[in-house]
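Visitor: Make a model of this:
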Amino acid sequence: MSLTKLDLANAVYRSLDSSRSDAAAMVDEVFELIRNQLESGETVKLPGFGNFQVRRKSARRGRNPKSGEEVEISARRVVTFKPSAILRKRVNNA
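Guide: Below you'll find the predicted structure:
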């Protein structure tokens, strides 16, 4: 089973005893803040959870697996996540 944005909003709703729409707005706002930070190339640090970072990948030659034809893969930015030591320990001990 996967955790969804609705699950997060419901957890906030139960935890803060606020309205469902307020809880959903809070979750949306947190995601929007993270998105904006990453779009501007900044790192998002969540202590005890991990870091989201934007990394640049340079252009390179690749191969189409279906046809075997070589293609140029353009430069791009990708988001990476590095879990904190606390999160890694909790996941490994689960």
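Visitor: in the lengthiest helix in the chain, what counts as buried?
Guide: When the chain is parsed with DSSP state H, its longest helix is helix 20-39. Within helix 20-39, the residues that count as buried by 16 or more other Cβ atoms under 10 Å are 23, 24, 26, 27, 38. Using the backbone N, CA and C atoms, a C-beta is placed for each residue, glycine as well.
Visitor: what does that helix contact?
Guide: 5-6, 8-10, 12-13, 16, 18, 43-44, 52, 54, 79 (Cβ atoms under 8 Å, 6 or more residues apart in numbering).
Visitor: Recalculate using a threshold of 7 Å.
Guide: Residues outside helix 20-39 that contact it (Cβ atoms under 7 Å, 6 or more residues apart in numbering) are 5, 8, 9, 12, 13, 16, 44, 52, 54, 79.
Visitor: Repeat that for stretch 71-85.
Guide: In contact with stretch 71-85 (Cβ under 7 Å, 6+ apart) are residues 38, 48-62, 64.
Visitor: Check stretch 42-55 too.
Guide: So stretch 42-55 is in contact with 34, 37-38, 41, 77-84, 86-87, going by Cβ under 7 Å, 6+ apart.
Visitor: still on that earlier bit, which members of the contacts of stretch 71-85 are classed as buried?
Guide: Among these, those scoring as buried are 38, 50, 52, 53, 54 (criterion: 16+ other Cβ under 10 Å).
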